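Participant: Sequence and predicted structure are below.
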Amino acid sequence: MTSKIIAIQGNHPSKLNPITDTSIFLANEIQNKKYKIFYYDPKNLSIINSKVIAKGFFIKFNYKNKNFFKILKRQVLDLAKCKFILIRQDPPFNLEYISTTYILDRIKNKVKIVNNPTSIRNISEKLYSAKYQRFMPSTIFTQDLSEIKSFIKKHKKIILKPIHSYSGNDIHLLKSFNSKLINKFINKHDHIMCQKFLPKIINGDKRVFIINGIVCGAISRVPKKGSFLSNMSKGAKPTNIKLTNTENKISKLIAKDLKKENIFFAGIDFIDQKLNGDINVTSPTGLKTFFDLSGKNLAKTFWKELRA
């Protein structure tokens with residue numbers, strides 16, 4: 001029988017921001033039900049003697065305090081003894097990230113893992129959105145310079161995005177064809193995402209929260225003055241928002257599909273009622289910010305849907 005242990009695979013707590021971090025918010029909520037939180041870095045995940053183990057520590061969180069975490073006990077833990085494992089490290093979705101999903105695959109029938117490691121591996125967050133291109137601004141996925149040149153000529157302003165990055169990192173706005181910059185970008189990232197620029201981004205995007213196939217709420221993130229990046233890590237300001245009928249309809253469709261893919265927790269983004277192509281299944285964020293803005297605690301919903 002599994003114990004009341006929840007393991008979190010993620011970046012060290014000292015690197016997290018308790019004011020906004022979703023992992024801390026989720027952990028803080030479930031501690032009230034007397035679950036123990038075990039935290040470990042992905043680099044400390046191993047298969048030893050046919051067991052999936054992690055070197056980490058039991059930890060107590062309180063996001064309301066300046067010293068928001070306390071390490072209780074360092075330990076090597078057999079992760080098969082956990083009730084739940086949350087995969088919460090930041091991308092990039094590189095070979096190390098992929099390796100952790102293969103390791104966790106060994107115990108996914110014994111422990112509920114969020115999100116399912118096989119599903120995370122199968123769903124490239126930006127490439128998966130290609131099946132919803134009818135809801136998106138004009139978008140191509142390529143490393144062909146001639147295709148990119150034609151795309152810029154057609155749309156005048158475009159956004160270049162790495163397919164496997166996160167948090168608005170290394171995103172470029174192009175107003176003309178720049179072969180040197182684009183070549184450098186492709187050499188760094190291989191296939192890239194090119195998308196027609198939507199000027200209404202200055203009014204903000206919308207991040208939609210999906211839990212167990214349910215559209216649970218949304219926030220808007222307004223870029224700081226002079227920026228087109230709506231990531232809060234890039235200075236965007238969050239505001240409370242409601243979805244339009246169009247956004248709600250698209251969100252419900254994607255939520256239904258993601259549940260079929262065994263994705264429990266996801267975030268999707270809209271700009272000007274168009275899906276922007278980021279379907280976040282690796283480490284969705286924003287629940288704490290949504291709580292601060294709306295008073296609705298989706299951490300309670302998260303654990304209720306998991307039947308914790």
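Facilitator: Great, that's in hand. Numbers count the residues shown, from 1 in each chain.

Participant: where exactly do the helices run in the stretch 1-150 of the chain?
Facilitator: 22-31, 95-105, 117-122, 145-155 (DSSP state H, counting those that start in this stretch).

Participant: I'd like to know which elements the lengthiest helix in the chain is packed against.
Facilitator: For the chain, the helix reaching the highest residue count under DSSP state H is reported as helix 245-260. The contact analysis (3 or more C-beta pairs under 8 Å, 6 or more residues apart in numbering; DSSP states H and E) places helix 245-260 against strand 205-211, strand 214-222, strand 265-271, strand 274-280. C-beta coordinates here come from the backbone N, C-alpha and C atoms, glycine included.

Participant: what angle separates it from strand 274-280?
Facilitator: Helix 245-260 runs at 30 degrees relative to strand 274-280, counting by axes from the mean of the first three to the mean of the last three C-alpha atoms, to 10 degrees.

Participant: what's the domain layout of this structure?
Facilitator: The chain resolves into domains spanning 5-122, 138-197, 200-305 when parsed by automatic domain parsing.

Participant: before we move on, the earlier item: now, of the helices of the stretch 1-150 of the chain, which is deepest in the fold?
Facilitator: helix 22-31 (a mean of 23; mean count of other C-beta atoms under 10 Å).

Participant: Mind giving me the packing neighbours of that helix?
Facilitator: strand 5-9, strand 36-48, strand 51-61, helix 287-294, helix 298-305.

Participant: circling back to that earlier point, among the helices of the stretch 1-150 of the chain, which is nearest F291?
Facilitator: For F291, the closest of the helices of the stretch 1-150 of the chain is helix 22-31, at 7.1 Å, according to C-beta to C-beta.

Participant: which residues sit against the closest one?
Facilitator: With C-beta atoms under 8 Å, 6 or more residues apart in numbering as the test, helix 22-31 has contacts from 6, 8, 10, 13, 16, 18, 37, 59-63, 68-69, 86, 88, 283-288, 291, 297, 299-300, 302-303, 308.

Participant: picking up where we left off before, reformat the helices and strands packed on helix 245-260 as a markdown table; add mean neighbour count, mean pLDDT and distance to T100.
Facilitator: Formatted as a markdown table, those follow (neighbours: other C-beta atoms under 10 Å; pLDDT from 0 to 100; distance: least, C-beta to C-beta, whole Å):
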| stretch | mean neighbour count | mean pLDDT | distance to T100 |
| --- | --- | --- | --- |
| strand 205-211 | 26 | 97 | 23 |
| strand 214-222 | 21 | 97 | 27 |
| strand 265-271 | 24 | 97 | 17 |
| strand 274-280 | 23 | 93 | 17 |
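
Participant: what bits of the stretch 151-300 of the chain have low per-residue confidence?
Facilitator: Residue ranges of the stretch 151-300 of the chain with pLDDT under 70: 167-168.

Participant: 80 - rerun?
Facilitator: 165-169, 233-234 (pLDDT under 80).

Participant: before we move on, what about the stretch 1-150 of the chain?
Facilitator: Short version for the stretch 1-150 of the chain, where the test is pLDDT under 80: 1-2, 91-93.

Participant: Mind doing that once more with 70?
Facilitator: Along the stretch 1-150 of the chain, the parts satisfying pLDDT under 70 run over 1-2.

Participant: Can I get the domains of the chain in JSON lines including distance to S129?
Facilitator: Below are these laid out as JSON lines (distance: least, C-beta to C-beta, whole Å):
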{"stretch": "domain 5-122", "distance to S129": "14"}
{"stretch": "domain 138-197", "distance to S129": "8"}
{"stretch": "domain 200-305", "distance to S129": "4"}
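
Participant: For stretch 292-307, which outside residues touch it?
Facilitator: 25-26, 28-30, 33, 84, 112, 114, 209, 211-212, 214, 216-217, 219, 238-240, 264-265, 287, 290-291.

Participant: can you list the helices of the stretch 1-150 of the chain in CSV and add distance to L198?
Facilitator: Formatted as CSV, the helices of the stretch 1-150 of the chain follow (distance: least, C-beta to C-beta, whole Å):
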stretch, distance to L198
helix 22-31, 26
helix 95-105, 29
helix 117-122, 28
helix 145-155, 10
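
Participant: Nearest to K51 among those helices would be which one?
Facilitator: Set against K51 and scored by C-beta to C-beta, these come closest in helix 95-105, at 10.8 Å.

Participant: neighbouring contacts of the closest one?
Facilitator: Here helix 95-105 has contacts from 9, 42-43, 45-47, 52, 79, 85, 87, 89, 91, 113, 117-118, 120-121, 282, using C-beta under 8 Å, 6+ apart.
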